[in-house]
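S.K.: Can you look at this prediction? I've put the sequence above it.
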Amino acid sequence: MRLHVRGRALPGDVPTDLWVVDGRISTEPVDGADTVFGASEDGWILPGLVDLHCHIGLGERGGVDFDEAIAQAETERDVGVLLVRDCGVPIDTRSLDDRPDLPRIIRAGRHLARPKRYIPGLSIDLDDEKQLPAAVAEQARLGDGWVKLVGDWIDRQIGDLAPLWSDDVLKAAIDTAHSHGARVTAHVFGEDGLPGLIQAGIDCIEHGTGLTDETIALMLEHGTALVPTLINIENFPGIADSAARYPVYAAHMRDLYASSNERLSAVREAGVPIYAGSDAGGMIRHGRVADEVEALKGIGMSADEALGAACWEARRWLGRPCLDDGASADLLCYAEDPRVGPEVLNRPDLVIMRGNTFRPR
């Protein structure tokens, strides 16, 4: 199949012609190509979207069957998400890699937590925190270059968010991951778990609602990135309402929610790299990365910055190509400017993935 698309490529709004042959992008003309977009009017072309925090294989009650996992992946594809960084699921989704009609998944293996310190059934729970480096090594082997830690969660003995790991164990675990060629990210809602994780060399923080001026400075010093999952933060008041037995924790979650916009705006203003992740699966339905892009504008990102956080900048951070000559043909075509808002970004006119065309349902 030989294809041709014409439009303004993002970033840069550069008038561009691209050809697709044998599933790869060519920036040089290809004979006999069928023009499938841009024949009679201008449009926009961008690399396939990325959801940096997405759980394909996870549902509201834990792991799902493979038919549901496939349906989740199809939902992401139809809104233009062609690359997913999976942030932990309790099922093995590797068989989905054999499906050329589904997004590529970069896996982080299973969440690593302590007993009764995370959502039941989702994590591998370690009885002794000293087991963490070995567990990290195993998940690095099973994953695709990432490992996911639970950095904080409610400690029912104290009735509030608290870190799961001591600083020296975190340092050993993160060093172990790096020695195995893997990066590490962590779920963190509150304040207290952040210094140890960042100073141990963690690569990314998920959520980050407890960031302060001091820990933002540490992120800059250590080169730590943030995936704030803004649309999931909207669930904090409901989480607090459901935790009446733990009034300190409930009040803490409400406080984190109330200050989240100010805190995360400060992260962006400081220059910490921020990427878009919806946290789809569980409490967030799939196919909402466009809403996350829109939410990023609310913490001060321009339309280009916000889209880049779910597209070209995200791909570069993950070491994946964009609209490069010879790259896998994973791109989106829009008749309207996708930076306008989710009503456009969520509805690509044409999806090309691995050189195959899809008209979103």
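M.R.: On my side now, so go ahead.

S.K.: now A9, nearest residue through space, not along the chain?
M.R.: Among residues not flanking A9 along the chain, T16 sits closest, at 3.9 Å (C-beta to C-beta, 6 or more residues apart in numbering). To be clear about C-beta, it is placed using only N, CA and C from the backbone, and glycine gets the same treatment.

S.K.: So in terms of bridging, what pairs with that neighbour?
M.R.: Beta-bridge partners for T16, by DSSP bridges, are G7.

S.K.: From I124, how far off is A134?
M.R.: A134 is 11 Å from I124, where distance means C-beta to C-beta, to the nearest Å.

S.K.: try A113
M.R.: Plainly put, A113 is 7 Å away from I124 if you go by C-beta to C-beta.

S.K.: What of E138?
M.R.: Distance, E138 to I124, by C-beta to C-beta: 9 Å.

S.K.: likewise L132?
M.R.: When C-beta to C-beta is the yardstick, L132 and I124 sit 10 Å from each other.

S.K.: next one: R156
M.R.: When C-beta to C-beta is applied, the distance between R156 and I124 equals 20 Å.

S.K.: Check G238 too.
M.R.: To I124, G238 is 27 Å away according to C-beta to C-beta.

S.K.: just F189 next, same as before
M.R.: According to C-beta to C-beta, F189 and I124 sit 20 Å apart.

S.K.: likewise V293?
M.R.: Here V293 is placed at a distance of 32 Å from I124 (C-beta to C-beta).

S.K.: what about W19, is that helix, strand or coil?
M.R.: Assigned by DSSP: H, G, I helix; E, B strand; the rest coil, the conformation of W19 is strand.

S.K.: Looks like it contacts G32 (just checking).
M.R.: No: W19 lies out of contact with G32 (C-beta atoms under 8 Å); the separation is 10.0 Å.

S.K.: on that earlier part again, which of A134 and I124 has more residues huddled nearby?
M.R.: Regarding A134 and I124, a neighbour count based on other C-beta atoms under 10 Å identifies I124 as having more, with 16 against 13.

S.K.: can you tell me how far that one sits from S302?
M.R.: Distance of I124 to S302, computed by C-beta to C-beta: 40 Å.

S.K.: now do I202
M.R.: The spacing between I202 and S302, counted by C-beta to C-beta, is 28 Å.

S.K.: Can you tell me the element N261 falls in?
M.R.: Secondary structure here is read from DSSP states H and E; on that basis N261 sits in helix 247-270.

S.K.: Counting neighbours, what do you get for the residue nearest to D241 when sequence neighbours are not counted?
M.R.: Excluding its sequence neighbours, the residue lying closest to D241 (C-beta to C-beta, 6+ apart) is A250, at 7.4 Å. The number of residues packed near A250 is 21, by other C-beta under 10 Å.

S.K.: tell me the contacts of A250?
M.R.: Applying C-beta atoms under 8 Å, 6 or more residues apart in numbering, we find A250 in contact with 240-241, 243-244.

S.K.: any chance you could map the strands in the stretch 251-361 of the chain?
M.R.: Per DSSP state E, counting those that start in this stretch, the stretch 251-361 of the chain carries strands over the ranges 331-334, 350-353, 356-358.

S.K.: Just say which of the ones you listed is most tucked in.
M.R.: Of all the strands of the stretch 251-361 of the chain, strand 331-334 has the most neighbours on average by mean count of other C-beta atoms under 10 Å, namely a mean of 25.

S.K.: and it, what other elements does it pack with?
M.R.: Applying 3 or more C-beta pairs under 8 Å, 6 or more residues apart in numbering; DSSP states H and E, we find strand 331-334 packed against strand 2-9, strand 44-47, strand 350-353.

S.K.: Can you give the domain ranges for the protein?
M.R.: What the record gives for the chain is the domain set 2-46+321-358, 48-318, from the TED database.

S.K.: Of those domains, flag the one that's most buried.
M.R.: Counting by mean count of other C-beta under 10 Å, domain 48-318 has the highest mean neighbour count of these, with a mean of 20.

S.K.: Now do the end-to-end distance for it.
M.R.: Using C-alpha to C-alpha, to the nearest Å, the end-to-end distance of domain 48-318 comes to 13 Å.

S.K.: do the same with stretch 170-188
M.R.: Distance between the two ends of stretch 170-188: 14 Å, counting by C-alpha to C-alpha.

S.K.: And stretch 197-214, by the same measure?
M.R.: In stretch 197-214, first residue to last residue: 13 Å (C-alpha to C-alpha).

S.K.: which residues do W19 and G32 both contact?
M.R.: R2.

S.K.: what about the most centrally placed residue in the chain, which SS state?
M.R.: Within the chain, the residue whose C-alpha comes closest to the C-alpha centroid is L52; the distance, by C-alpha atoms, centre = their mean, is 1.3 Å. For L52, the secondary structure call by three-state DSSP comes out as strand.

S.K.: Could you tell me the model confidence score at the closest residue to G38 other than its chain neighbours?
M.R.: Closest residue to G38 in three dimensions, ignoring its sequence neighbours and counting by C-beta to C-beta, 6+ apart: R6, at 3.1 Å. At R6, the pLDDT value in this model is 96.
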